[in-house]
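Peer 1: Sequence and predicted model, in that order:
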Amino acid sequence: MTPPADSPAHQALLLRVGQARFLLPLDRVERLYPMVHLPPGPPRVHLRGETLPVLDPRPDWGQPPAPPDASQRLVVVRTPDRAAWWVDEAGPILPVTPDHPAVLDGQVVSVLW
């Protein structure tokens, strides 16, 4: 995925939730953690002295629910509020440009600017 020469490139982290892949610009990513135990009730996690809500995008994206698994990740994101996004897979980091679609393996991938 090479950006056009006339557009400034940004770096974005490729994330996967179920079958959905999307890119999140690195300036919105604060930290990446392995999955932790999530207590019952509204999902929250205590990371580095702060309690953050855990946002699972599966219901909003029509994905079936999934139990927490050690292979999953929590991505601390500035949205502008800080939250931990529950994702199935994170990486690699790829170049993206604001004015052009991100194409990966022949498919357009959404960039969550």
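Peer 2: Good, I have the coordinates. Nothing here was measured: the structure is a model prediction, and the numbers come from that model.
Peer 1: how about the strands of this structure, start to end?
Peer 2: Assigned by DSSP state E, the strands in the chain fall at 10-17, 20-25, 29-34, 44-47, 50-55, 73-78, 82-87, 89-96, 102-104, 107-111.
Peer 1: by contact count, what packs against the third one?
Peer 2: Under the contact criterion of 3 or more Cβ pairs under 8 Å, 6 or more residues apart in numbering; DSSP states H and E, the helices and strands touching strand 29-34 comprise strand 73-78. Where C-beta positions appear, they are placed from N, C-alpha and C, glycine not excepted.
Peer 1: same thing with the last one?
Peer 2: Using 3+ Cβ pairs under 8 Å, 6+ apart, the elements in contact with strand 107-111 are strand 20-25, strand 102-104.
Peer 1: which one of those strands is the most hemmed in?
Peer 2: Highest mean neighbour count among the helices and strands packed on strand 107-111 (mean count of other Cβ atoms under 10 Å): strand 20-25, with a mean of 18.
Peer 1: who's in contact with that one?
Peer 2: With contacts defined as Cβ atoms under 8 Å, 6 or more residues apart in numbering, strand 20-25 is touched by 10-15, 57, 61, 63, 75, 77, 94, 96, 102, 104, 107, 109-113.
Peer 1: give me that answer again for 10 Å
Peer 2: By Cβ atoms under 10 Å, 6 or more residues apart in numbering, the residues outside strand 20-25 that reach it are 1, 10-16, 57-58, 61-63, 75, 77, 85, 87-90, 93-96, 98, 102, 104-105, 107, 109-113.
Peer 1: which residue sits closest to the residue nearest the centre of the chain in space, ignoring its chain neighbours?
Peer 2: Centrality entry for the chain: nearest residue to the mean C-alpha point is Leu15, 4.6 Å, by Cα atoms, centre = their mean. Ranked by Cβ to Cβ, 6 or more residues apart in numbering and with sequence neighbours excluded, the top spatial neighbour of Leu15 is Val87, at 4.7 Å.
Peer 1: contacting residues for the one you found?
Peer 2: Val87 touches 13, 15-18, 20, 22, 24, 32, 35, 55-58, 72-75, counting by Cβ under 10 Å, 6+ apart.
Peer 1: Ok, Ala70 next?
Peer 2: Contacts for Ala70 (Cβ under 10 Å, 6+ apart) come out as Pro34, Met35, Val36.
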